[in-house]
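# Coordinates for the following, if possible.
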Amino acid sequence: MATGAEVLTMLIPTGGWVISGDDFEKIQFIEATPITKAQFEAGFAQYDVFKAEQDAKAGTDKAAAQAKLAALGLTADDLKALGL
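From the prediction side, this is the model:
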């Protein structure tokens with residue numbers, strides 16, 4: 001189950017808000033355009049799909065980076081040894 005902060009991070013990734021708990025009434029929009037309570041509540045249902053997509057993208061990006069390293073004859077350990 002997503003937290004209110006996770007939902008807000010998905011809906012307003014640039015920040016500008018503060019939340020205490022998971023209730024819409026406890027959100028303070030500081031520098032962000034406010035969202036509606038309906039948008040916030042719908043975000044809880046959307047978060048699991050969003051998170052799965054983000055995790056899949058991260059895995060794909062990592063595999064692509066490793067393939068590029070392999071094409072250069074390098075490994076992730078080689079980069080770590082170089083301090084990168």
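
# Only C-alpha atoms from now on, for both contacts and neighbour counts.
Will do.

# Where do the strands of this structure begin and end?
All strands of the chain, identified by DSSP state E, fall at 17-19, 27-29.

# Same list (those strands) but as a markdown table, adding mean pLDDT and mean neighbour count.
Conversion of the strands of the chain to a markdown table gives the following (pLDDT from 0 to 100; neighbours: other Cα atoms under 10 Å):
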| stretch | mean pLDDT | mean neighbour count |
| --- | --- | --- |
| strand 17-19 | 97 | 16 |
| strand 27-29 | 97 | 15 |
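
# of all these, which lies closest to L79?
L79 sits nearest to strand 17-19 of all the strands of the chain, at 37.1 Å, using Cα to Cα.

# one step back: K57: which of the strands of the chain is closest?
Proximity to K57 (Cα to Cα) singles out strand 17-19 among the strands of the chain, at 26.1 Å.

# That closest one pairs with which strands?
Sheet neighbours of strand 17-19, with direction, are listed as strand 27-29 (antiparallel) (DSSP bridges).

# Remind me what the biggest helix by length in the chain packs against, helices and strands.
Counting residues, the longest helix in the chain under DSSP state H turns out to be helix 37-71. Judged by 3 or more Cα pairs under 8 Å, 6 or more residues apart in numbering; DSSP states H and E, the packing partners of helix 37-71 are helix 4-11.

# swap the cut-off to 10 Å and go again
Under the contact criterion of 3 or more Cα pairs under 10 Å, 6 or more residues apart in numbering; DSSP states H and E, helix 37-71 touches helix 4-11, helix 76-81.

# okay, the ones you listed, which one's buried deepest?
helix 4-11 (a mean of 19; mean count of other Cα atoms under 10 Å).

# Please enumerate residues in contact with stretch 55-72?
Contacting residues not belonging to stretch 55-72 are listed as V49, F50, K51, A52, E53, Q54, G73, L74, T75, A76, D78, L79 [Cα atoms under 10 Å, 6 or more residues apart in numbering].

# Those residues: which two are farthest apart?
Taking Cα to Cα, the two most distant members of these are V49 and G73; they sit 36.0 Å apart.

# circling back to that earlier point, among the helices and strands packed on helix 37-71, which gets the worst mean confidence?
Among the helices and strands packed on helix 37-71, helix 76-81 has the lowest mean pLDDT, at a mean of 84.
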